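In: Here is a sequence with its predicted model. Questions after.
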Amino acid sequence: MKKTIFLLLFICCSYFGVSKVIESKDLIPEDAIRMRVIPNSNDTKDQDIKYKVKEKLEKDVFLSLRDVKGVEQARKQIQKNLPLFEQNISDVLEKENYTLGYQIHFGMNYFPEKTYKGITYKEGEYESLVVTLGEGKGDNWWCVLFPPLCLIEAEESDEVEYKLWVEEFIDKYM
């Protein structure tokens, strides 16, 4: 009985100790550059357009930053390529017959607090590339573009297969 209580206490302490480390760990570097796309609304059509703009912007940013070595060089590349980003966003919106307009801004932009996969990202002003579609009142998409924490997806093909080690182990030995 004592062993069982000790084991349960140990598991609980371990769990809470690990979760505290994960919560307090700074997952996004201080000098990171974020990217955010804010749709007009949460309407299905507006959300669909948000994802189309996001996909095009991700590819453009990936291509412009793939050989960049530091944050200063990343800033220069983003600034240099803003006209290309704007033109390609305009092309996507024109193709979708989207007439509400958009704004693009690179610099310090406000991000609200967000909890994702159990981690809370604090609100604040962050260096970022932000595209606001229409009134910008919908649920946004954001990621860290430098260092390229989200741009790896832009490089991968659609044929990526994710597997769990536990699932492979069970399939192999059970």
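Out: In hand now; what should we look at? Everything numeric in this text was worked out from a predicted model, so none of it was measured.

In: packing partners for the longest helix along the chain?
Out: Using DSSP state H, we find that the single longest helix of the chain is helix 71-95. Here helix 71-95 touches strand 33-38, helix 44-65, strand 102-111, strand 124-133, going by 3 or more CB pairs under 8 Å, 6 or more residues apart in numbering; DSSP states H and E. Every C-beta, even on glycine, is put in place using the N, C-alpha and C of the backbone.

In: Pairing partners for the helix or strand just after the last one, with directions?
Out: What it means is strand 124-133. The helix or strand immediately downstream of strand 124-133 is strand 141-146, counting by DSSP states H and E. In the sheet, strand 141-146 lines up against strand 33-38 (antiparallel) (DSSP bridges).

In: Distance from the partner strand to the middle of the chain?
Out: 7 Å (CA atoms, centre = their mean, to the nearest Å).

In: One more: stretch 129-143?
Out: So, by CA atoms, centre = their mean, the centroid of stretch 129-143 is 12 Å from its chain's centroid.

In: buried set for that stretch?
Out: Residues 129-134, 136, 138, 140-143 are the ones in stretch 129-143 that count as buried (16 or more other CB atoms under 10 Å).

In: Check these and tell me the two furthest apart.
Out: Across the buried residues of stretch 129-143, the longest distance by CB to CB is 21.2 Å; it joins Gly134 and Cys143.

In: Between the buried residues of stretch 129-143, which sits nearest Lys56?
Out: Nearest to Lys56 out of these is Val131 (CB to CB; 10.1 Å).

In: how much space between that closest one and Glu72?
Out: 23 Å (CB to CB, to the nearest Å).

In: what about the residue nearest in space to the middle of the chain, distance to Leu100?
Out: Taking CA atoms, centre = their mean, the centroid of the chain lies closest to Cys143, which sits 2.0 Å from it. Using CB to CB, one gets 24 Å for the distance from Cys143 to Leu100.

In: so what pLDDT did the residue lying closest to Pro29 once chain neighbours are set aside get?
Out: Among residues not flanking Pro29 along the chain, Pro147 sits closest, at 6.5 Å (CB to CB, 6 or more residues apart in numbering). Note on Pro147: pLDDT of 85.

In: Wait, Pro147 touches Arg34, no?
Out: No. If you go by CB atoms under 8 Å, Pro147 and Arg34 don't touch, sitting 11.1 Å apart.

In: Tell me which of those two has more neighbours.
Out: Between Pro147 and Arg34, Arg34 has the larger neighbour count (other CB atoms under 10 Å), namely 20 against 17.
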